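Student: quick one: sequence and predicted model below, then my questions.
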Amino acid sequence: MKLAICPGSFDPITKGHLDIVTRAARLFDKVLVVVLQNPIKRPLFTVEERMEMIQKVTKKLPNVSADTYDGLLADYVRMKGACAIVKGLRAVSDFEYEFQMDLINKQLNPEFETIFLNTSQEYMFLSSSIVKQIAVFNGDISAFIPEEICQDIVDRLRREV
C-alpha cells in the first residue's frame, strides 16, 4: 500500500488544500491529511476543530483520513511508513521554502520522497490567512472554502472580532 502524507496547519482548510488532497488521493492508495502543530504559529482553530473540518470536507474520499502530530514531519513519515509527502505549490516563493524543507527532511529521513503538485490555477492566490482576513471584514469567502465548513468559519471569525 502506498501511503502519502499531506501536511499543513489547515487553519482553516481551503478549496486549494482540498484540491491538492483530492489529486493526491488519485495517486496514492491512502492519504493522511496531517494537522501539524507549529509552536510559532497562533492558530485560530484548535487542532480538534481543524481535524473535524478536514474530516467533513474529505468524507467523499474513502482513502483519505485526518490525523495530527506534534513533532518532526520526518519522524511522523517514518512512524507511519509513508512513501511520500505531498505539498501544493502556489508560487516560486512556495517552492523555495518547500525545497528547503524537503532537503532538511531528507537529512532527517531519506526513506521518502516529496511530491510537489502545482495548485490549480483558480486557487494559486489562495491562503488560509487571506480567507481569515476577508471573513473578518464580512467579505464572502464561499468561493474559497468548501461548502461543508464555510458557515462554521464565518461564525467563528465574526465572533473573534
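Tutor: Done, it's in.
Student: need the contact list for the closest residue to residue 154 other than its chain neighbours.
Tutor: Once flanking residues are discounted, residue 154 sits nearest to residue 135: 5.6 Å by Cβ to Cβ, 6 or more residues apart in numbering. (Glycine included, C-beta is placed from N, CA and C.) Going by Cβ atoms under 8 Å, 6 or more residues apart in numbering, residue 135 touches 141, 153-154, 157-158.
Student: between which two of the residues you listed is the distance greatest?
Tutor: Farthest pair in the contacts of residue 135 (Cβ to Cβ) is 141 and 158. Separation: 11.1 Å.
Student: relative to residue 156, how far out is the residue nearest to residue 154?
Tutor: 9 Å (Cβ to Cβ, to the nearest Å).
Student: try residue 4
Tutor: In terms of Cβ to Cβ, residue 4 sits 29 Å off from residue 156.
Student: these two: which has the busier surroundings?
Tutor: residue 4 (26 against 15; other Cβ atoms under 10 Å).
Student: that one reaches residue 117, doesn't it?
Tutor: No. The criterion here is Cβ atoms under 8 Å, and residue 4 misses it with residue 117 at 10.6 Å.
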